[in-house]
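Novice: Below is the sequence, then the predicted model.
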Amino acid sequence: MQEDTQLNGFEVVYKKPVTLTDTPFHYCPGCGHSVVHRVLMEVIDEMGIQDKTIGVAPVGCSVFAYSYMNIDMQEAAHGRASAVATGIKRIHPDKFVFSYQGDGDLAAIGTAETIHTVNRGENILMIFINNAIYGMTGGQMAPTTLLNQVTSTSPYGRNCETMGYPLKITDMLVQLPGAYYVTRQSVHNVNAVRKLKKAVEKSFEYQKSNPGTCFIEVVSNCPSGWKMTPVESNKWLEENMFPVYPIGDLKVPSGK
Amino acid sequence: MQEDTQLNGFEVVYKKPVTLTDTPFHYCPGCGHSVVHRVLMEVIDEMGIQDKTIGVAPVGCSVFAYSYMNIDMQEAAHGRASAVATGIKRIHPDKFVFSYQGDGDLAAIGTAETIHTVNRGENILMIFINNAIYGMTGGQMAPTTLLNQVTSTSPYGRNCETMGYPLKITDMLVQLPGAYYVTRQSVHNVNAVRKLKKAVEKSFEYQKSNPGTCFIEVVSNCPSGWKMTPVESNKWLEENMFPVYPIGDLKVPSGK
Amino acid sequence: MEDKNNGARLMKGNEALAEAAMRADIDAYFGYPITPQSEILEYFTLEMPKRHGVVLQAESELAAINMIYGAAGAGGRVMTSSSSPGISLMQEAISYIASAELPCLLVNVTRGGPGLGTIQPSQGDYFQAVKGGGHGDYHLIVLAPSSVQEMADFVFDGIRLAEKYKTPAMILADGALGQMMEKVVLPEEGSLPKTEKPWATAGKPATRERNIITSLFIDPEKMEGINIRLQEKYEQMRDEVRFEEIALDDAEFALVAFGLSARVCQKAVDLAREKGIRVGLIRPITLYPFPKEAISNLTNKVKFFLVVEMNAGQMVEDVSLAVNGKRPVYFKGRMGGMVPTPEDVVEKLESLVHSLRKSEI
Amino acid sequence: MEDKNNGARLMKGNEALAEAAMRADIDAYFGYPITPQSEILEYFTLEMPKRHGVVLQAESELAAINMIYGAAGAGGRVMTSSSSPGISLMQEAISYIASAELPCLLVNVTRGGPGLGTIQPSQGDYFQAVKGGGHGDYHLIVLAPSSVQEMADFVFDGIRLAEKYKTPAMILADGALGQMMEKVVLPEEGSLPKTEKPWATAGKPATRERNIITSLFIDPEKMEGINIRLQEKYEQMRDEVRFEEIALDDAEFALVAFGLSARVCQKAVDLAREKGIRVGLIRPITLYPFPKEAISNLTNKVKFFLVVEMNAGQMVEDVSLAVNGKRPVYFKGRMGGMVPTPEDVVEKLESLVHSLRKSEI
Amino acid sequence: MQQAHEIIFAGFGGQGVLSMGSIIAYAAMIEQKEVSWMPSYGPEMRGGTANCTVIVSPVRISSPIISRFDSAVILNQPSLEKFEKAVKPGGFLLYEQSSLINPPTRKDIEVIAIAANDEAQKLGKKQVANMILVGAFLEKRPIVKIENILNALKKVLPERHHHLIPLNEQALLLGGKLAKEPSLTVG
Amino acid sequence: MQQAHEIIFAGFGGQGVLSMGSIIAYAAMIEQKEVSWMPSYGPEMRGGTANCTVIVSPVRISSPIISRFDSAVILNQPSLEKFEKAVKPGGFLLYEQSSLINPPTRKDIEVIAIAANDEAQKLGKKQVANMILVGAFLEKRPIVKIENILNALKKVLPERHHHLIPLNEQALLLGGKLAKEPSLTVG
Amino acid sequence: MIKGTVKIERDTCKGCELCVVACPQKCLGLSSFININGYRFAELINDNCTGCVNCAIVCPDVAITVYRQPKSALKKAV
Amino acid sequence: MIKGTVKIERDTCKGCELCVVACPQKCLGLSSFININGYRFAELINDNCTGCVNCAIVCPDVAITVYRQPKSALKKAV
Ligand SMILES: Cc1ncc(C[n+]2csc(CCOP(=O)(O)OP(=O)(O)O)c2C)c(N)n1
Ligand SMILES: Cc1ncc(C[n+]2csc(CCOP(=O)(O)OP(=O)(O)O)c2C)c(N)n1
Ligand code: SF4
Ligand code: SF4
Ligand code: SF4
Ligand code: SF4
Ligand code: SF4
Ligand code: SF4
Ligand SMILES: [Mg+2]
Ligand SMILES: [Mg+2]
């Protein structure tokens, strides 16, 4: 189509990556999940690795990630995406493999798989969407929920006495020798999205030489679970999430 | 019995703690497990808390811990001792509760429960016997097995490329705000046993005010799994385990 | 929403169940969110702090059920709830709990499977609940409510039976029963007295031997002893069989259905009778112990049985074992989250009656 | 230990199974140690590096079975093994694998339960294996070896059937079969050709649509479609029914037993015939699909069935469903790790024959 | 009312379809009737469409799950597509006028449209649009009394919101009035 | 041999009872016989007692699990307590003399004792005590040929240990000799 | 200044307003109409667009395609 | 120097030798006999024992009870 590349003589400078399918996202308005999806697919497009990439979707709001990403994918049981990715990568060590998980999935029910996958230094990219809540099931407390944050299972606010503390699992993973590259990013504004894209690019580049696990936490929003407008949610995220989950690289390959 | 306290006019200066039952230990000769059992029971005797203490045994060589400890106990499923202890403590917040686990139990299959129990700051004492091997099932590789260590499932030595790295889970737990007191001890000689006893005493003392989780790793031996004599095993432990798992406190209550 | 007139409230099944548990004085609830039953956990987190007892959102169903093991062993009156995939994750520990003979209440608000499936209502977990999804020879007491009222009532019955037999009891309800609202008269607070638990781990006083909760009996003769005791217990439980009979007095044919499908069948009975088909319904309330005798007795009366389920025909096996070849047993079902309509049932019934009549000529 | 004369070796069941898997060209084994089958993992860690393929000791059975899901979905020929409690932990993922229709081989070398139980041999996991321990309507193909030879052979059969029907297959063997040594002639390396797996996630070339492995079909009508396909598949599998008949030609009575208890019954047949009791044995080899017809056919021949199991009588239900009331079905079993002796079986048989004769007078 | 009445309320999440159904259910309970309320649930709860089924009956309700309805109250286009055909012949379909681009086409049922959104705007509070629809529905199918809707509101609403009850009453009555002279009637 | 022969070997872990059983099983296989070898397994493997059951038979073996034995080879006291009574009347019990404090008491079976530990010490290698016992057992119950035990050893032992075969042969023959003139015979 | 424009898929947009706040030129706003899914959708409200792509980068629903005056055109214009 | 002695439960001991290496006085050794469980057991091999309890502290099988000359006796002796 002409329109795809041109409009009234103007050239297209941004359009949907071809590795995204035409299925409309089912996410709530303003949700960060689909931004991360798109960034992933942009990198895959640009690196030309659509035919070499296999993804793993979690159980969580992004359970249907495979509806949007036009690559071979598997949908894992709740918490087990990194184990599933391990199985795939061990069969296809020459392919690019990534897992994609929410905070309930990766840091609650899947904690053991997360830690052992990274400890084995599985040569995959793990993407971790930290929105401090269980989005899919209707806004329950996640391991990463902030202290005093109100959710449908911490209706009086998260209380550390009985419910524990916000779990900084990414910080824990840094200690593991199997972790090659660990970074915390966000998608709440243009700059953040651009940085995330860089991190994804690096991770896939690294994976070419299979040096260990690359791990990207994305501090993201959940307007529905947080009961805010998308714009409010991004503001809340900056003000409340970043102090606990500060953005930046946590571990970079030595000499890079 | 007279003999219990006197022998030829000599006074008894060391005897079996009364909170140990008369059941002979089923452990292999020289195994550290029973030393830890005894130290625990000595402290319970000395603190007079036999009636207030509830223990949780794991699946592992120490599965029969309840045969030896004359206190109320529960035997947990493999890896779940800390979840079971959580259940008990939540019902009896005024009692002393401890869990006892091996490295396969606590740091492999039970990783998620371990991390989340500590992250909640459950007011229990967790005892972690790190012998770098699965003793009970016949000497398979544990998450804490050293690099190049030969076990029945790493017959050519543990290889970090495919089997991952020795997991220093205790170091990871230190990061969690729920962890109140974290220490790594041993039982390979007289001094080590004495220090372990101090650590256990402190932990139960702390538990009186329920300030969070106390966690004691005991670097221990497994003469059978390592295929060494007990004396050799303690030497190997000093030379090979301590460099990776150095003895000492990892987190002490602030101001103590 | 209390109606002063008759004490009835309009409540969701999940919430009625949770409120009933609170009134049954449970000491602790451990759970993990999963649709279509997250309201149970949510209700507890909202209400527990106002009353007494413990509510804890565990890091997984696996952790939750093992907390149950600990808390039940420690003498607490405890429960957990989940939905199909989460219940599958609990199977190892459920086998432990059955073996260690600990009373507790499990709730499975099922959804369509297998796998992640759908979140729509299903009865596909019948086998898992009734035959034992875990390893070894054990059974749960399984209660199948078919209304919001029973969602509440069976909490009391489940706990009572669990404590009487020192065994885990399960409420097996499909997602629709959890999500729908109906009138419910809640059981009275405090009307379920606490039972003595001298076997619990509560700290060993000098006056008794230590209590040990375990399912390990490495000597197989001892382990067989445990098994014999369990089997005897299951035998005794037959006294607790419950079922409901509807319009069976003059019935020529019997529908057999539990839970939501029994509601569908009730309507089918009405519709069929309007069409002159004399059909009745037997509704197993306890799925384990199964009302084998009641069904067996019907073989003298009805010409055939039509089992209606929201699965591939799992209860058909138990019905067939009860009927033992004396009458034909047919099946009408929907799967994977679909619910049969009363009309579906009547249609199947009519075709069966038709072929029967034809063969009778 | 190869004997040049006939190619036979003396091997433990666990090792024969592992070596057979290697010869069946498996691409990957994922597992976690547990008695009485740790030798399988150990054998792989020793031998895999010398040959080809992946062996990985997972952090748990839960991780192992989900690695299987990933690796099978990626097109690998894969297997895992465990024993009772470990298999219980896998139930959620097994349901996923069945729903996503992935071929793989599962091995359960069972021990006495429920709970942690004992490590002695048992058949207490029959229901879990055959009825489905996970949630939803699915079945595994279940093969029950009764010798070390079959421990090896059924690896080939299991993989072949799994790949033919795109479904998980399970070898259900008790601990004794894993631990004992017998003569075995191993299947030939490379004699099981690889199957095409165009549905696998191997990277999407431009020439085909993307492959998706999932068990999620949120629309219940779609999910019902999946279920209908599964049920049709289970129907087709009936062609794969296997069983062994021993001394049934002139038999007045039939023993029914699988696995190790069938070996015990074989001896019991000999002993009973010495005493003049004309008894035979039918041994189901596929527990699912169950040899329902074969047993049903026997009802015209034998006076009763005596089912012998190392559990509380789980297969009795399937036998009864096959017999459908035409003949009495009796049971003799031991539980929790105990093994019935041939003498036990004969004694039970004699007393049944005795009461029968008496009633016939 | 001698017979059970079976209704579906359907629209986008956030339009208040679930509470329209539940307020009628409450009112019916106050009238000592049997009642069941069944929501659709699922991931589509978030953002997508939502619906609930209400049965009000003089006798014990057998199946709470039904696929054909006496009445339908429709608040968006996708719901119309899904449920128009599920209304029993002779049944009743009420819809919010501004929310549909393509109106219903069936001739064998009674169809009326109410411009509830616009009217609510006029009343000064968009949220009462669904109360206008409830009022309209009950005008046509008086399965419960308006006064019991108000009684139900008193019980359901937390004390601090009771000041809104008069506004809701106004909306209910307005709905009833509009239903007598609907913008569009078919069948 | 026309009939099956069923043997239990029992002692402490580390005394080589499992390999005694397996070497006989291997030899039987070389002789084209049917054979089964079943260990006791469990946590008691470590440190505690160990035993294995061997069946050698001219025909297909039905049950590999048996509770009564034609012969028993006993290497410690707890095993004697457990298995003495399990030997069939007319059966055979062989034990290592220095390992038992209380010898067997049954009169309806053949019992012999061999001082295998002492004799092995004399041969210069404690580990061959069990080969002495195997030799003694086969002298009394020749279910396989000594030469096939040696053939089996050649196959079982890794090449680098083949220099030990002559010593094992010596032990086997010595055992046979001792069995002809045992330290103690009963029954 | 470079001239640009955007095309917004009306029925894909969910009206989250993230593009609105991301646009440095303040040239986006929500329509007062709703789309097929019941959302007010984003639209261009002036012609200050520079084609900076910010809006597209933050749009969760990939509803925006951005176009820019070709460099050549720009040169010509200068 | 204080005098002490130890009593070792012969049938409880597993002959691990940890006490042997722990004893600063070198007064423990393994017997050449075996106990009921087949282990060579530890025994006092001289009378240099000071009752320092080291052996008991490391003994995994709690087989050792330690006795010491009472302080009073010591005083008398001095
Ligand atoms: C075994 C199991 N337990 C629970 C669930 C229910 N469940 C689905 S998604 C989810 C949590 C989602 O939260 P998160 O992982 O943070 O993802 P988000 O939706 O926030 O992106 C849960 C608990 C399930 N499907 N399976
Ligand atoms: C679910 C489950 N998986 C596996 C096992 C088998 N198993 C028993 S103990 C054990 C590991 C023991 O190792 P560790 O925890 O390190 O304890 P140790 O014996 O070394 O003290 C395993 C894998 C089991 N009983 N249950
Ligand atoms: S619930 Fe939250 S995480 Fe899920 S789609 Fe909606 S906004 Fe996104
Ligand atoms: S196997 Fe190892 S850990 Fe277990 S009892 Fe023996 S020495 Fe101790
Ligand atoms: S391209 Fe830039 S200037 Fe144009 S609308 Fe988007 S954000 Fe605004
Ligand atoms: S960011 Fe996208 S979805 Fe959101 S309002 Fe703008 S165009 Fe619409
Ligand atoms: S008490 Fe001290 S001196 Fe005496 S034997 Fe023991 S270690 Fe040696
Ligand atoms: S330490 Fe104890 S068990 Fe070991 S040799 Fe000494 S007394 Fe015996
Ligand atoms: Mg989340
Ligand atoms: Mg260990």
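Specialist: Great, that's in hand. Ligands and ions are numbered 1, 2, ... in the order given.

Novice: Tell me the secondary structure of the residue of the stretch 101-250 of chain C found nearest chain F, please.
Specialist: Per C-beta to the nearest C-beta, residue C:218 is where the stretch 101-250 of chain C lies closest to chain F, at 6.3 Å. In short, each C-beta sits where N, CA and C put it, glycine included. The three-state assignment at residue C:218 reads coil, by DSSP: H, G, I helix; E, B strand; the rest coil.

Novice: That one: how many residues sit nearby?
Specialist: Residue C:218 has 19 neighbours, counted by other C-beta atoms under 10 Å in any protein chain shown.

Novice: for the one 4 residues further on, same thing?
Specialist: If you count neighbours by other C-beta under 10 Å, residue C:222 ends up with 14.

Novice: Please point out which parts of whichever strand or helix holds it sit buried.
Specialist: In the assignment (DSSP states H and E), residue C:222 maps to helix C:220-236. Buried residues in helix C:220-236, counted by 16 or more other C-beta atoms under 10 Å in any protein chain shown: C:220, C:223, C:224, C:226, C:227, C:230, C:231, C:233, C:234.

Novice: Output the residues you listed as a markdown table; include the columns distance to chain F.
Specialist: A markdown table is the format used below for the buried residues of helix C:220-236 (distance: C-beta to the nearest C-beta, whole Å):
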| residue | distance to chain F |
| --- | --- |
| C:220 | 9 |
| C:223 | 12 |
| C:224 | 14 |
| C:226 | 17 |
| C:227 | 18 |
| C:230 | 22 |
| C:231 | 22 |
| C:233 | 27 |
| C:234 | 27 |
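
Novice: Would you mind giving those residues as CSV with pLDDT and distance to ligand 3 added?
Specialist: What follows is the buried residues of helix C:220-236, written out as CSV (pLDDT from 0 to 100; distance: C-beta to the nearest ligand atom, whole Å):
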residue, pLDDT, distance to ligand 3
C:220, 89, 51
C:223, 94, 48
C:224, 96, 51
C:226, 96, 47
C:227, 97, 47
C:230, 98, 45
C:231, 98, 48
C:233, 98, 46
C:234, 98, 44
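
Novice: roughly how far apart are residue G:33 and residue C:325?
Specialist: Per C-beta to C-beta, to the nearest Å, residue G:33 is found 68 Å from residue C:325.

Novice: Compare neighbour counts for those two and give me the winner.
Specialist: Neighbour tally, residue G:33 and residue C:325, criterion other C-beta under 10 Å: the higher count belongs to residue C:325, 16 against 10.

Novice: In contact with that one: list those residues for me.
Specialist: The contact partners of residue C:325, by C-beta atoms under 8 Å, 6 or more residues apart in numbering or on different chains, come to D:323, D:324, D:325, D:326.

Novice: From chain A, how far off is the first one?
Specialist: With the distance defined as C-beta to the nearest C-beta, to the nearest Å, residue D:323 ends up 39 Å from chain A.

Novice: Tell me the confidence at that residue?
Specialist: Model confidence at residue D:323, given as pLDDT, is 98.

Novice: what's around residue E:146, how many residues?
Specialist: Using other C-beta under 10 Å, residue E:146 has 18 neighbouring residues.

Novice: Quick check: closest non-adjacent residue to it.
Specialist: Closest residue in space to residue E:146, ignoring its immediate chain neighbours: residue E:172 at 5.5 Å, by C-beta to C-beta, 6 or more residues apart in numbering or on different chains.

Novice: buried set for the longest helix seen in chain E?
Specialist: In chain E, taking DSSP state H as the definition, the longest helix is helix E:165-180. Residues of helix E:165-180 classed as buried: E:167, E:168, E:169, E:170, E:171, E:172, E:174, E:175, E:176, E:178, E:179 (neighbour count, 16+ other C-beta under 10 Å).

Novice: tell me which of those is nearest to residue D:112?
Specialist: Nearest to residue D:112 among the buried residues of helix E:165-180 is residue E:168, at 65.5 Å by C-beta to C-beta.

Novice: Tell me how far that closest one lies from chain C.
Specialist: The spacing between residue E:168 and chain C, counted by C-beta to the nearest C-beta, is 17 Å.

Novice: quick one: contacts for that residue?
Specialist: E:128, E:131, E:150, E:153.

Novice: Mind doing that once more with 7 Å?
Specialist: Contacts here follow C-beta atoms under 7 Å, 6 or more residues apart in numbering or on different chains; on that basis residue E:168 touches E:128, E:131, E:153.

Novice: Chain E: strands as residue ranges?
Specialist: Along chain E, the segments classed as strands by DSSP state E run E:5-12, E:34-39, E:49-57, E:69-74, E:87-96, E:110-114, E:184-186.

Novice: Of the ones you listed, which is nearest ligand 6?
Specialist: Among those, strand E:5-12 comes nearest to ligand 6, with 16.1 Å by C-beta to the nearest ligand atom.

Novice: ok and the closest one relative to strand E:49-57, angle-wise?
Specialist: 170 degrees (axes from the mean of the first three to the mean of the last three C-alpha atoms, to 10 degrees).

Novice: got any ranges where chain G has weak pLDDT?
Specialist: Within chain G, the segments meeting pLDDT under 70 span G:73-78.

Novice: Close to ligand 6: what parts of it are there?
Specialist: Contact residues, chain G versus ligand 6 (C-beta under 6 Å from any ligand atom): G:8, G:13-19, G:42, G:59-61, G:63-64.

Novice: three-state assignment of residue C:81?
Specialist: Here residue C:81 is recorded as strand under three-state DSSP.

Novice: Please pull out the lowest mean pLDDT helix or strand from chain E.
Specialist: Using mean pLDDT, DSSP states H and E, strand E:184-186 stands out as the lowest-scoring helix or strand of chain E, at a mean of 60.

Novice: Just give me the neighbour total for residue 8.
Specialist: Answering for chain A, as no chain was given. 8.

Novice: not what I meant, chain G
Specialist: A count of nearby residues for residue G:8, using other C-beta under 10 Å, gives 20.

Novice: what sits against it?
Specialist: Counting by C-beta under 7 Å, 6+ apart, residue G:8 touches G:41, G:42, G:43, G:63, G:64.

Novice: for the stretch 151-256 of chain A, what are the low-confidence residue spans?
Specialist: Where the stretch 151-256 of chain A drops to pLDDT under 70, the residues are A:256.

Novice: give me that answer again for 90
Specialist: Within the stretch 151-256 of chain A, the segments meeting pLDDT under 90 span A:254-256.

Novice: So which residues of it form helices?
Specialist: In the stretch 151-256 of chain A, the helices defined using DSSP state H, counting those that start in this stretch lie at A:160-163, A:169-174, A:190-207, A:223-226, A:230-236, A:242-244.

Novice: does any bit of the second one sit next to chain B?
Specialist: Yes. Against chain B, helix A:169-174 shows contacts by C-beta under 7 Å from any C-beta of the partner chain at A:171, A:172.

Novice: List of residues touching that helix?
Specialist: Here helix A:169-174 makes contact (C-beta under 7 Å, 6+ apart) with A:107, A:114, A:118, A:128, A:179, A:182, A:184, A:215, A:217, A:250-251, B:172, B:175.

Novice: Go through those and flag which are in strands.
Specialist: In strands, defined here by DSSP E, the members of these are A:128, A:179, A:182, A:184, A:215, A:217, A:250, A:251.

Novice: want to throw those residues into TSV with neighbour count and distance to residue F:62?
Specialist: Below are the ones in strands among the contacts of helix A:169-174 laid out as TSV (neighbours: other C-beta atoms under 10 Å in any protein chain shown; distance: C-beta to C-beta, whole Å):
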residue	neighbour count	distance to residue F:62
A:128	27	57
A:179	21	56
A:182	23	61
A:184	22	65
A:215	32	57
A:217	28	61
A:250	17	64
A:251	19	62
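
Novice: Make TSV from the residues you listed and add distance to ligand 5 to it.
Specialist: Conversion of those to TSV gives the following (distance: C-beta to the nearest ligand atom, whole Å):
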residue	distance to ligand 5
A:128	29
A:179	36
A:182	32
A:184	26
A:215	31
A:217	27
A:250	31
A:251	34
